[in-house]
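>>> Give me coordinates for this.
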Amino acid sequence: MNKRLESPLTAAHAASDAKARWQREYGETIGADRKVTNVSGIAIQPLYGSDDWANYGQSDPLGYPGQPDYTRGIYATMHRGRTWTQRQLIGLGTPDDYNTRLLEIMARGATAVSLIPCNSVYRGYDMSSVEPELLGTCGVVVNNAEHMARCLEGVDVGEISCAMNDPSPFTLLAFMLVTAERRGIDWNKITGTSNQSDYISHFVANHMFYRLSLPGARRVLMDHITWCNEHVPRWNPMSVVGQHMQQAGATPAEAMAFTLATAVQNAEDCIARGMDPDHFLPRFTFFFDISMGFFEEVAKFRAGRRIWARLARERLGAKDPRSWRFKFHGQTSGVDLTRQQPLNNIARVTAQAMAGIFGGLQSLHTDSYDEVFSTPSEAGARIAVATQNILREEAHLTDVIDPLGGSFYVESLTDEMEERIVSIMKTIDDAGGMYKAVESGLVQRMIGASAMRFQQRVESGEQVIVGVNAYRADDDAATRPAVARPDAAAMQRHLDAFAAWKAERSPSSVNAALDGLTHAAEDEQRNVFGAVVDAARAGLTNEEICTRLRRDLGFGQPLAFV
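Now for the predicted structure:
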């Protein structure tokens, strides 16, 4: 019988018979089937069909890219019209070392700047306060505006987007703005992101970032958003970070839920200050970890995109569609990389990058395979950049928008991820919002429990990690890269030049700039970040700025709970 002439009833019976036959044959062949769940705890079936997706058969159930609810992407063209920004994270030695590596990476395809400073800078100290052998091992030693100018030599910051991995009080951005000012570059041209502006994620999961107390960091973030919206209108002052929490052990669903709850908290804080959501929300961005659960990550991003569009409209009252867009940067997950059989990390990074691309990211950092040993080597960084080039140019991943859209599995999983994320967000709301949930330790305890569950899966062998608990090899040492360290003589010259520069400054000018920070911190009507920019212009260093604001706004302490 011609299938075109079959009645709907006949076709339905045939489909039902075919499904029953498959179920019978599957059961007979597989025997006792194993239970499969993803990291977020969602049960995964062996096969998905139209009856697993509630919206199947509806006319255009997913909508279109660039239109609410944005499941398929926030722009009409997505990667077919404009590919993701290749924002390769770089941190290395002295400013001159950094600049050399940056220009090399950009010549090989990176299209934006992402600067990561030395841990001493993250912790709020200058190089003169740290043991020399520790300097520059995991980031660039940049302590003042002069150092930033050397980092960005040959880079037009009025044309190229820059990301500063820079927690409050945002000294790196202040140094960059002073650099631009001295070069005669209009701040209205500057684009980029304050990548570590999310103080909440720092107190939850990134324990090197306690520059300021929790309430002090909250005050400075609001000042930072206010000031940047006025003076650097194309800059994104708010990057809501899910990466830290997922790398600390949160499941993908928890990481998305906590990130969205943080965004709501910060948006409501801005609104409480009298700010219009349609003025500041278009400059909110998100930063996520991309782990090894390929389809779970794709579903996480698709679900997060439509939840945020709904929250921005219904809860935050935004009317401008630009405020509803869920713009996010993805970084392949460093915690998934292994010291065992390290070349396997290239495959891991490739799979993670593909998940982020299919999930609809706006910018991407691919980790180097050797990051588990040290700051990425030049060869490792080159492979990481080439990975993105290959996925874009050779694998043609940009040809079709949302190529997994309509997959019974992906759509069902996206729906289930949305339900799971919304449920977790309700738990946070019931605790009084993200600020109070972190202050009480609720979020930290949830992440700790998830981290323990995952570790138990690894130790039991339920979660296989190639080279670690399965498929081991005895020749790991042969493929482990040599660990390079910054040149000690070059770092000493950097230290000596810094000391000489400090000695030449006017003490009265330094004291006046420090007092300007205090006046701003003590007066709620003044803007603290504006004072930080003034201090950078006057020649204050990273440590001097952080130390004075720690005194005036409180020193950050870990929020540890049992």
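>>> When you work out contacts or count neighbours from here on, use the C-alpha atoms and nothing else.
OK.
>>> Can you name the element that comes right after the worst-scoring helix or strand of the chain on mean pLDDT?
Least confident element among the helices and strands of the chain, by mean pLDDT, DSSP states H and E: helix 476-479 (a mean of 67). Sequence order places helix 488-504 as the next helix or strand after helix 476-479, per DSSP states H and E.
>>> So for that next one, what gets flagged as buried?
For helix 488-504, the neighbour count (16 or more other CA atoms under 10 Å) marks Met491, His494, Leu495, Phe498 as buried.
>>> Now do it: everything it contacts.
Helix 488-504 is touched from outside by Gly93, Thr94, Met127, Ser128, Pro132, Glu133, Leu135, with contacts defined as CA atoms under 8 Å, 6 or more residues apart in numbering.
>>> Dump these into JSON lines; add pLDDT as well.
Output for those, formatted as JSON lines (pLDDT from 0 to 100):
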{"residue": "Gly93", "pLDDT": "93"}
{"residue": "Thr94", "pLDDT": "97"}
{"residue": "Met127", "pLDDT": "97"}
{"residue": "Ser128", "pLDDT": "96"}
{"residue": "Pro132", "pLDDT": "92"}
{"residue": "Glu133", "pLDDT": "91"}
{"residue": "Leu135", "pLDDT": "94"}
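>>> Pull out the buried residues from these.
For the contacts of helix 488-504, buried by 16+ other CA under 10 Å: Gly93, Thr94, Met127, Leu135.
>>> got a list of contacts for the longest strand anywhere in the chain?
Ranked by number of residues, the top strand in the chain under DSSP state E is strand 284-290. Contacts with strand 284-290, where a contact means CA under 8 Å, 6+ apart, come from 195, 236-244, 246-247, 259, 297, 326-333, 352-353, 355-356.
>>> what about 7 Å?
236, 238-243, 246, 297, 326-333, 352, 356 (CA atoms under 7 Å, 6 or more residues apart in numbering).
>>> and Ala512, how many residues sit next to it?
If you count neighbours by other CA atoms under 10 Å, Ala512 ends up with 14.
>>> And the pLDDT for it?
The model reports Ala512 with a pLDDT of 97.
>>> Let me know the secondary structure of the closest residue to Cys138 other than its chain neighbours.
In space, and not counting its chain neighbours, Cys138 is closest to Thr375: 5.2 Å by CA to CA, 6 or more residues apart in numbering. Secondary structure, DSSP: H, G, I helix; E, B strand; the rest coil: Thr375 is coil.
>>> How many residues are close by Thr375?
Residues near Thr375, counting by other CA under 10 Å: 23.
>>> Next, give phi and psi for it.
phi -50, psi 140 (degrees, to the nearest 10).
>>> and if you look at Glu230?
In terms of degrees, to the nearest 10, the main-chain angles of Glu230 are phi -90, psi -40.
>>> how much space between it and Phe280?
Shown here: Glu230 relative to Phe280, a distance of 10 Å by CA to CA, to the nearest Å.
>>> Likewise for Met292?
Counting by CA to CA, the gap from Met292 to Phe280 is 33 Å.
>>> what does Asp515 give?
As judged by CA to CA, Asp515 and Phe280 stand 30 Å apart.
>>> same question, Cys138
Distance of Cys138 to Phe280, given as CA to CA: 33 Å.
>>> go on, Gly405?
With distances taken as CA to CA, Gly405 is found 31 Å from Phe280.
>>> do His224 as well
Counting by CA to CA, the gap from His224 to Phe280 is 11 Å.
>>> And Ser161, by the same measure?
For Ser161 relative to Phe280 (CA to CA), the value is 19 Å.
>>> Kindly report the same for Val468.
Distance, Val468 to Phe280, by CA to CA: 45 Å.
>>> the more surrounded of those two?
Using other CA under 10 Å as the criterion, Val468 and Phe280 rank with Phe280 on top: 22 against 15.
>>> got the residue ranges for the strands in the stretch 101-250 of the chain?
Along the stretch 101-250 of the chain, the segments classed as strands by DSSP state E, counting those that start in this stretch run 113-115, 162-164, 192-194, 235-236, 238-241.
>>> Of those strands, which is nearest Leu62?
Minimum separation from Leu62 across the strands of the stretch 101-250 of the chain (CA to CA) falls at strand 238-241, 26.3 Å.
>>> elements contacting that closest one?
The contact analysis (3 or more CA pairs under 7 Å, 6 or more residues apart in numbering; DSSP states H and E) places strand 238-241 against strand 192-194, helix 252-272, strand 284-290.
>>> Pull the residues that contact it.
For strand 238-241, contacts defined as CA under 7 Å, 6+ apart pick out 193-198, 201, 225, 259, 262-263, 283-288.
>>> Can I take it that Gln388 is in a helix?
Yes. The assignment for Gln388 is a helix, going by three-state DSSP.
>>> End to end on stretch 161-180, go ahead and measure it.
13 Å.
>>> Ok, stretch 277-296 next?
End-to-end distance for stretch 277-296: 31 Å, by CA to CA.
>>> what's the answer for stretch 114-130, then?
Counting by CA to CA, you get 24 Å between the two ends of stretch 114-130.
>>> Same check on stretch 456-465?
Using CA to CA, one end of stretch 456-465 lies 13 Å from the other.
>>> Identify the residues contacting that stretch?
Outside stretch 456-465, the residues within contact range by CA under 7 Å, 6+ apart are Asn469, Ala470.
>>> and if you look at stretch 381-389?
Taking contacts as CA under 7 Å, 6+ apart, the residues outside stretch 381-389 that touch it are Gly109, Ala110, Thr350, Thr366, Asp367, Ser368.
>>> Quick check: helices, which of the residues you listed are part of them?
Residues of these located in helices (DSSP state H): Thr350.
>>> Looking at the contacts of stretch 381-389, which is nearest Ala20?
Thr350 (37.9 Å).
>>> Enumerate every residue touching the closest one.
Thr387.
>>> make it 10 Å
By CA atoms under 10 Å, 6 or more residues apart in numbering, the contact list for Thr350 reads Met292, Thr332, Gly356, Thr366, Asp367, Ala384, Thr387, Gln388, Ile390, Leu391.
>>> Please look at Gly360 and Asp402 and confirm they touch.
Yes. Here Gly360 reaches Asp402: they are 7.3 Å apart, a contact under CA atoms under 10 Å.
>>> Compare the two (neighbour count), which wins?
Set Gly360 next to Asp402 and count neighbours by other CA under 10 Å: Gly360 wins out with 28 against 21.
>>> which residue sits closest to that one in space, ignoring its chain neighbours?
Counting by CA to CA, 6+ apart, Gly360 lies nearest to Gly73, which is 5.9 Å off, once chain neighbours are set aside.
>>> Much appreciated, bye for now.
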